[in-house]
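In: Fold the following for me, if possible:
(chains A and B)
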Amino acid sequence: MPPIVSVRELRKSYGQIAAVDGVSFDVAEREVFALLGPNGAGKTTTVEILEGLRQADSGTALVAGVDVRKDPSGVKERIGVQLQQSAFPENFLAKEIVDLFALFYGRRVDSLALLRAVGLEDKAKAKSEKLSGGQRQRLSIAVAMVNEPQVLFLDEPTTGLDPQGRRNLWELIRAIRERGTTVFLTTHYLDEAEVLCDRVAIMDNGRIIALDSPRALVTSLLGRGFSKPVQQQQANLEDVFLDLTGHALRED
Amino acid sequence: MRQVLGYTLMLLRAYTRDFTALFFGFFFPLIFMGLFGILNFGSFGHVAVGIVDEANNADSQAFRAGLGKIETLQLSSGTSDAELESLRKGDRDIVLVIPADFKITPARQGAVVPTLTLYANQGRGEQVAVGSAILTQVIDQMSFAITQTAPVVAMKREEVAGRNLKYVDFLTPGIVGMTIMLLGVSSVMFSFVVDRQRGVIRRIMATPISRRSYMAAHVLERLLLAVVQVLILLAVAVFAFKVSIVGSLGLLLAIAILGSVLFLCLGFAVTGFVTTENQAPAILQLVTLPQMFLSGVFFSRDAVPAFLKPVSDVLPLTFLNDALRQVSTAGAGIVDVGRDLIGIVVWSVITFVIAFRFFKLES
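Out: Numbers count the residues shown, from 1 in each chain, chains lettered A, B, ... in the order given. Purely as a prediction, here's the structure:
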């Protein structure tokens, strides 16, 4: 099966700064793939080029078989996106937001079913700006699914969420993958990448410096003789937190 | 097209939930109209007196010179027909006819004294009362100075029904123009600056909808809002304030839409230079406030100081207000307001070019 995302020698500079500096990788269909890296590593620029929102200076990127540079709107038809630092228009109800975005794709959808899939059915008649951070992220995933995308791009989907909200979103991402959608996400939470992703690419200074499954990356690190100075605990503070406060989602 | 119309309808539905926008867009202008309509500013300033001098002799000229010294009276003169026509149109409060036999000489017993005829505009009781009191006093003084006796001329009075322009008649087109300006500029500026800053537009541009369709829906929504708003204002003016709209309603709406296009273009042009939400209110004031006072919204532009006149003459709202007022109060046709329409179109083109060059959907 050909890769659903295929990137070759992608470059993008802002003035003197090379934000993306010769990046190449493939993402297989039905994979959960993460781009990891510190802030400013070039993750968002890379993702936005793949989403057809920015033009690369050079290199090629095929998404769902479409050349992003030649046909950005063709790519937009086939993918779903959740952007970092974006918002929905005000004074629209959650259900209307879903209908609105369906209209932008020239589709009619069962907006209630999409909201149900992300657990927001009871918020259908709430204004989107009144939703909590976690609910808003779930709404934006429902919106990203209106066109039944082949690839779902999520740019730091769990940033700013509480532990319950993060775990809930992980469940949602797994469910989406089960339905056959490839998920391409960026994050700087390493535990998230470890539990969620089939493969991760670690990016720094505009380049990919490692790409493999989380387990293989850890194994290779250990193979190079790395050992932590302290024996790893069987539980961490987050486990304590979740044990005490439960896994149930908090509404606002 | 279905996308544009569908998006327009959804924008309108969202607008009805935006109480701040509804208040400033719809109720604010009504409050203005109510306030100024009730206070009835500009109702009294001077008394317009038309003189028909059928004598035109030394005495009548002396009499007219005497009247000319009184500031309250705004004198004009002409033929009997012309002045009475002006009275009927509401342009005069009083028309005074000086008879051919007018002279100021001591009255002799049994002789016929010259009789001045005063035509009074029925709808201007206050002005007529003040004006005729002044006229009587002037006549008495002149008589006394010459003859040391009682009046040497008589005055008879006739009532004439004129089509008087009330202050609200004058005010209504001004409020309509002001509303079109505020709605146009502020609705573009606030929503686009906010949506741009919050990343709303970026998110929408990540879908296949074209920029052209997106812009078309936003412009269409605002034009529809402007039409609704103008209709509401006119309805309130006609039914609550008994404003009479003399000209064609269709032409009035067409001018309103043209004006709305102009101020939307101005809104987009200005928004090209606004980057944050905090700048928006200041820039809005900067653009709209001078026009509120210099373009004849509440008061006639006659009150504009001479040094500001050249500016006042070419402001966008001046053209819109003038066209609306000509149609609404004087029944002007499309040709009569041609100069104003050209002004509106020229401003639309200028602001469109600026908007096209500087307005960006994304920062």
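
In: Spatially nearest residue to residue 194 (excluding sequence neighbours)?
Out: Because you didn't say which chain, this covers chain A. Excluding its sequence neighbours, the residue lying closest to residue A:194 (Cβ to Cβ, 6 or more residues apart in numbering or on different chains) is residue A:214, at 4.6 Å. (C-beta placed from N, C-alpha, C; glycine too.)

In: hm, I was asking about chain B
Out: In space, and not counting its chain neighbours, residue B:194 is closest to residue B:277: 5.8 Å by Cβ to Cβ, 6+ apart.

In: contacting residues for the one you found?
Out: Shown in contact with residue B:277 (Cβ atoms under 8 Å, 6 or more residues apart in numbering or on different chains): B:190, B:193-194, B:197.

In: Pull up the gap between it and chain A, please.
Out: Distance of residue B:277 to chain A, computed by Cβ to the nearest Cβ, to the nearest Å: 13 Å.

In: coming back round to it: identify the residues contacting the residue nearest to residue A:194.
Out: Contacts for residue A:214 were tallied using Cβ under 8 Å, 6+ apart; they are A:193-194, A:197, A:199-200.

In: cool, and residue A:124?
Out: Under the criterion of Cβ under 8 Å, 6+ apart, the contact partners of residue A:124 comprise A:93-95, A:111-112, A:115.

In: so which strand or helix has the nearest residue to it once chain neighbours are set aside?
Out: By the measure of Cβ to Cβ, 6+ apart, the closest residue to residue A:124 outside its immediate chain neighbours is residue A:95, 4.2 Å from it. Assessed by DSSP states H and E, residue A:95 sits inside helix A:94-104.

In: What lies in contact with that helix?
Out: Contacts of helix A:94-104 with the rest of the structure, by Cβ under 8 Å, 6+ apart, involve A:88-89, A:92, A:108-109, A:111-112, A:114-115, A:120, A:123-128, A:131, A:139, A:142-143, A:146-147, B:3, B:6-7, B:10, B:13-14, B:204, B:207-209.

In: For whichever helix or strand comes after it, buried residues please.
Out: Helices and strands here follow DSSP H and E; after helix A:94-104, the next one along the chain is helix A:111-117. Within helix A:111-117, the residues that qualify as buried by neighbour count (16 or more other Cβ atoms under 10 Å in any protein chain shown) are A:111, A:114-115, A:117.

In: the strands in the chain, which residues?
Out: Just going to use chain A. Assigned by DSSP state E, the strands in chain A fall at A:5-14, A:17-27, A:32-36, A:58-63, A:66-67, A:79-82, A:151-155, A:182-187, A:199-204, A:207-212.

In: meant chain B, my bad for not saying
Out: Listed in chain order (using DSSP E), the strands of chain B are B:47-53, B:73-77, B:94-98, B:115-121, B:154-160.

In: and the ones you listed, which is most packed in?
Out: Across those, the average number of neighbours (mean count of other Cβ atoms under 10 Å in any protein chain shown) peaks for strand B:94-98, which reaches a mean of 25.

In: Kindly format the C-alpha coordinates of that one as PDB.
Out: Taking only C-alpha atoms (Å, rounded to 0.1, in the frame of the first residue of the first chain), the coordinates of strand B:94-98 have been written out as PDB:
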ATOM      1  CA  ILE B  94     -44.100  85.200   6.600                       C
ATOM      2  CA  VAL B  95     -44.600  87.000   3.300                       C
ATOM      3  CA  LEU B  96     -45.200  90.700   3.600                       C
ATOM      4  CA  VAL B  97     -46.600  92.600   0.700                       C
ATOM      5  CA  ILE B  98     -45.900  96.300   0.600                       C
END
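
In: one step back: just the buried residues from the contacts of helix A:94-104, in PyMOL please.
Out: With 16+ other Cβ under 10 Å as the burial test, the buried ones among these are selected in PyMOL as follows:
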select buried, (chain A and resi 88+89+92+109+111+114+115+120+123+124+127+128+131+139+142+143+146+147) or (chain B and resi 3+6+7+10+14+204+207+208+209)
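
In: before we move on, the earlier item: could you point out which of the contacts of residue A:124 is nearest to residue B:297?
Out: Each of the contacts of residue A:124 was checked against residue B:297 using Cβ to Cβ; the closest is residue A:93, at 37.6 Å.

In: Just give the nearest non-adjacent residue to residue B:118, would you?
Out: Spatial nearest neighbour of residue B:118, chain neighbours left out: residue B:157 (4.7 Å); criterion: Cβ to Cβ, 6+ apart.

In: got the contact list for the one you found?
Out: For residue B:157, the contacting residues are B:117-120, B:132, taking Cβ under 8 Å, 6+ apart as the criterion.

In: make it 10 Å
Out: Residue B:157 makes contact with B:94, B:116-120, B:128, B:132, according to Cβ atoms under 10 Å, 6 or more residues apart in numbering or on different chains.

In: so how many other residues sit close to residue A:87?
Out: The burial metric for residue A:87, expressed as a neighbour count using other Cβ atoms under 10 Å in any protein chain shown, is 19.

In: if we can go back for a sec, farthest-apart pair in the contacts of residue B:157, please.
Out: The largest separation in these, counting by Cβ to Cβ, is between B:116 and B:128 at 14.7 Å.

In: Tabulate the CA atom coordinates of the lowest-mean-pLDDT helix or strand in chain A in CSV.
Out: Taking mean pLDDT, DSSP states H and E as the measure, chain A has helix A:237-245 as its least confident helix or strand, at a mean of 77. Taking C-alpha atoms only, helix A:237-245 is exported to CSV below (Å, rounded to 0.1, in the frame of the first residue of the first chain):
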residue,chain,number,x,y,z
LEU,A,237,2.3,11.7,40.1
GLU,A,238,-0.2,11.7,37.2
ASP,A,239,-1.3,8.2,38.1
VAL,A,240,-1.8,9.4,41.7
PHE,A,241,-3.8,12.4,40.5
LEU,A,242,-6.0,10.2,38.3
ASP,A,243,-6.4,7.6,41.0
LEU,A,244,-7.6,10.3,43.4
THR,A,245,-9.8,12.4,41.0
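
In: pLDDT weak spots in chain B?
Out: Of all residues in chain B, those with pLDDT under 70 make up the ranges B:40-45, B:106-111, B:146-152, B:160-164.

In: Can you tell me which residues in the stretch 151-252 of chain A are near chain B?
Out: Contacts of the stretch 151-252 of chain A with chain B, taken as Cβ under 10 Å from any Cβ of the partner chain, map to residue A:153.

In: Longest helix in the chain, by number of residues?
Out: Assuming you mean chain A. When chain A is parsed with DSSP state H, its longest helix is helix A:163-178.

In: my question was about chain B
Out: If you go by DSSP H, chain B has its longest helix at helix B:167-198.

In: Run through the neighbouring helices and strands of that one.
Out: Contacting helix B:167-198 under the criterion 3 or more Cβ pairs under 10 Å, 6 or more residues apart in numbering or on different chains; DSSP states H and E are the following elements: helix B:2-15, helix B:19-22, helix B:28-39, helix B:200-205, helix B:211-240, helix B:249-271, helix B:279-294, helix B:316-330.

In: Adding distance to residue A:222 as columns, could you present those in a markdown table?
Out: What follows is the helices and strands packed on helix B:167-198, written out as a markdown table (distance: least, Cβ to Cβ, whole Å):
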| stretch | distance to residue A:222 |
| --- | --- |
| helix B:2-15 | 55 |
| helix B:19-22 | 59 |
| helix B:28-39 | 69 |
| helix B:200-205 | 42 |
| helix B:211-240 | 52 |
| helix B:249-271 | 57 |
| helix B:279-294 | 55 |
| helix B:316-330 | 73 |
